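Colleague: need a structure here:
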Amino acid sequence: MGWGVNHHIEGTSREPPKIPTFPSNHQLTYDEEDCLEEVEKCWDDYNKCEATVKAQIFMMILDSLLIEIQKLKTAKEIWEAVLVKYQAKSFTVKMIYGIT
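Modeller: The predicted structure is shown next:
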């Protein structure tokens with residue numbers, strides 16, 4: 001799962017195919033049922049990895065920043081918001097202390 005973390009942070013992870021839908025009165029064939037289970041498992045794995053990355057980021061930041069960014073949808077959006085916040089802070093510290 002480690003390599004998947006980078007893909008979620010970079011925004012290069014691909015969402016699985018859409019879950020197929022069938023009419024409510026449709027009797028699924030074995031092939032359709034197998035396909036449905038496989039796609040649902042792909043979505044479960046994708047969402048699990050996305051949630052894990054978000055949780056890891058949330059554990060490493062201050063609560064004040066967490067309040068600002070927890071509404072963002074993807075791990076990539078969250079990571080980019082953290083970078084913007086801390087890079088801006090780093091720039092401010094450099095300006096205050098005259099660090100180049």
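
Colleague: quick one: secondary structure of Lys73?
Modeller: Of the three states, Lys73 takes coil under DSSP: H, G, I helix; E, B strand; the rest coil.

Colleague: please tell me how far Thr74 sits from Pro23.
Modeller: As judged by Cβ to Cβ, to the nearest Å, Thr74 and Pro23 stand 32 Å apart. C-beta: built from backbone N, CA, C; applies to glycine.

Colleague: so those two - more neighbours on which side?
Modeller: Between Thr74 and Pro23, counting by other Cβ atoms under 10 Å, Thr74 is the more crowded of the two (15 against 6).

Colleague: following element in sequence after the lowest-mean-pLDDT helix or strand in the chain, please.
Modeller: Every helix and strand of the chain was ranked by mean pLDDT, DSSP states H and E. The lowest is helix 2-10, at a mean of 76. Downstream of helix 2-10, the first helix or strand assigned by DSSP states H and E is helix 30-60.

Colleague: give me the helices and strands touching that following helix, please.
Modeller: helix 2-10, helix 75-97 (3 or more Cβ pairs under 8 Å, 6 or more residues apart in numbering; DSSP states H and E).

Colleague: any stretches of this structure with poor pLDDT?
Modeller: Within the chain, the stretches with pLDDT under 70 are 1-4, 90-100.
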